[in-house]
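Undergrad: Have a look; sequence and predicted model below, questions after that.
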Amino acid sequence: MLEMTIKVLLISDGRLGERAFENILTKIPETEMAFLEVPDRSVMLDNYGFDADFRSAVSNAILLISYLQHPDVTLELCKFQKPIIIAYYFGEGLLRQAKELNPNVVMPASMCRLIPDTNVPVIDEFARNFGLPVYDIELECRDGAWWFKAVNVVIESPCGSTRRSMPRLVDAPVTEETINAYAITIAQDCRESVAYQLTKSTTSDTAALNHVIPLLAAIEMQAPDLFFENSSLYNYAAEKRNHVRDVPAFSKR
């Protein structure tokens with residue numbers, strides 16, 4: 001894997017971000033992590049003072065990734081005018097405020113929904129390695145049925161759930177049951193923000209769906225016959241796609 005050369009500063013209040021730091025570090029060696037002591041997010045702050053060491057770390061970074069859960073401190077971070085990914089989902093209202101302070105801000109609904117279409121070059125470079133998963137799979141036919149022979153990840157979730165869950169697929173049959181087992185493993189491993197979880201319903205996208213839908217697209221490229229109209233996987237894929245927006249398309253047959 002070719003290492004990225006950008007300098008990333010991941011910022012946490014100690015509750016989220018440690019796993020992402022460890023995983024991002026495997027591809028971006030110049031990744032650092034900074035911890036800030038912040039009050040509970042229910043406490044409103046008129047201002048927040050950053051110490052000299054933190055300001056120095058920010059000045060040396062090219063990209064900031066904030067897992068802070070306090071909205072006021074998050075907005076203060078945006079004033080540094082660095083490209084920043086807000087990894088904790090606060091909602092569209094805070095995103096509008098953040099962009100008024102700094103146009104180079106993105107806040108994906110979840111980090112495994114990040115895609116390289118932000119028009120912020122350094123964020124798009126990051127999203128070509130971490131974000132909405134992209135798979136490189138190899139299938140083989142055994143006695144008339146398709147099996148996963150090898151599964152590699154091109155783009156993975158920053159937290160590492162993609163890579164940790166992939167063993168569920170290797171040497172398993174290409175069936176709804178296998179894909180559902182993979183989805184359950186992703187869901188159990190994920191640490192999506194509570195704020196985002198509270199917005200979910202049966203029609204919301206989740207980390208599991210963010211992983212399953214690109215996987216289905218990769219399967220279709222390798223074995224399109226599995227996706228003939230009204231086949232089990234065709235109907236399964238159509239059901240999953242109904243829950244999310246802006247996902248890789250499935251061809252109609």
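TA: Okay, I see it.

Undergrad: For Leu215, pull up the helix or strand it's in.
TA: helix 207-222 (DSSP states H and E).

Undergrad: Can you point out the buried residues in stretch 207-224?
TA: 207-220, 222-223 (16 or more other Cβ atoms under 10 Å). The way it works is simple: take the backbone N, C-alpha and C, and place the C-beta from them, glycine included.

Undergrad: nearest to Cys112, of those residues?
TA: Nearest to Cys112 among the buried residues of stretch 207-224: Asn210, at 4.4 Å, using Cβ to Cβ.

Undergrad: Can you tell me how far the closest one is from Leu132?
TA: 6 Å (Cβ to Cβ, to the nearest Å).

Undergrad: residues touching Asp40, list them.
TA: His70 (Cβ atoms under 8 Å, 6 or more residues apart in numbering).

Undergrad: a helix runs through Pro158, doesn't it?
TA: No - using DSSP: H, G, I helix; E, B strand; the rest coil, the secondary structure at Pro158 is coil, not a helix.

Undergrad: how many neighbours does it have?
TA: Residues near Pro158, counting by other Cβ atoms under 10 Å, number 25.

Undergrad: Look at it and report its pLDDT.
TA: We have a pLDDT of 96 for Pro158.

Undergrad: so where do the helices sit in the stretch 51-200 of the chain?
TA: Here the stretch 51-200 of the chain has its helices, by DSSP state H, counting those that start in this stretch, at 52-60, 71-78, 92-101, 121-127, 161-165, 176-189, 194-197.

Undergrad: Those helices: which one's closest to Asp46?
TA: That would be helix 71-78 among these, by Cβ to Cβ, at 8.0 Å.
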